[in-house]
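Asks: Pasting a predicted model and its sequence here:
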Amino acid sequence: MGKIAIAGFSLGGTTAIWLAGGISNRIDSIVPTEQHVSGKEFEAVAEMAKSLNREEMIQNFWEKRIKAAFIMDPAWAWIFDPKSLEAVSIPTYLVASGNDDVLVTSTNAAFFAEHLKHRTYEPLDSKTGHYVFVSLPTNPLPDSLQFLVKDKEGIQRPDIQTDVAEKAARFFSQVFSAE
């Protein structure tokens, strides 16, 4: 029970940061700008933000049992308090796609990397997009979801996913064998 870790991609990565002790108290400007996002996935945020319970959002969700976090392309960095990130004490491994077509890496994953003190930060190949971490489906996707599976030429998604999974396994093994 003492060897609990978390892994997350995109909003799941943000959730991992909340559970590691990051606090999202910069919610006055919750709607992202072009400085933070580059994809159309965030177009509905302005409308959705009206119904958010801001008091609930600024709580500390730190889960003390979690001893390590492996995070891929985390989102919503602009709402996090940098001092809370600096106080996160668990080892964290951040992986960022090299050409994120949804989130701006320099203001999301790199922001977290700058403020998390006990972290490893690894940007991937410069042609990898945000959804490189999502497995390819066995059946064809509808046209409306094709953006999930389109990679730049030369990207071998299964190879990248295998490499990232091996990094996660090594990271967790190192963290828990050092205890």
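Replies: Right, received. Where do you want to start?
Asks: tell me, what residue is most central in the chain?
Replies: residue 74 (1.7 Å; Cα atoms, centre = their mean).
Asks: Count residues in the vicinity of the nearest residue to that one once chain neighbours are set aside, would you?
Replies: Spatial nearest neighbour of residue 74, chain neighbours left out: residue 13 (3.3 Å); criterion: Cβ to Cβ, 6 or more residues apart in numbering. Heads up, the C-betas are built off the backbone N, CA and C, glycines and all. When neighbours are defined as other Cβ atoms under 10 Å, residue 13 has 28 of them.
Asks: what about residue 122, which SS state?
Replies: Look at residue 122: counting by DSSP: H, G, I helix; E, B strand; the rest coil, its state is strand.
Asks: how about the helices in this structure?
Replies: Ranges of helices within the chain are 11-20, 45-49, 54-57, 82-86, 109-115, 157-177, based on DSSP state H.
Asks: give me every residue that touches residue 6.
Replies: 15, 16, 19, 20, 66, 68, 69, 70 (Cβ atoms under 8 Å, 6 or more residues apart in numbering).
Asks: Also residue 135?
Replies: Residues near residue 135 by Cβ under 8 Å, 6+ apart: residue 161.
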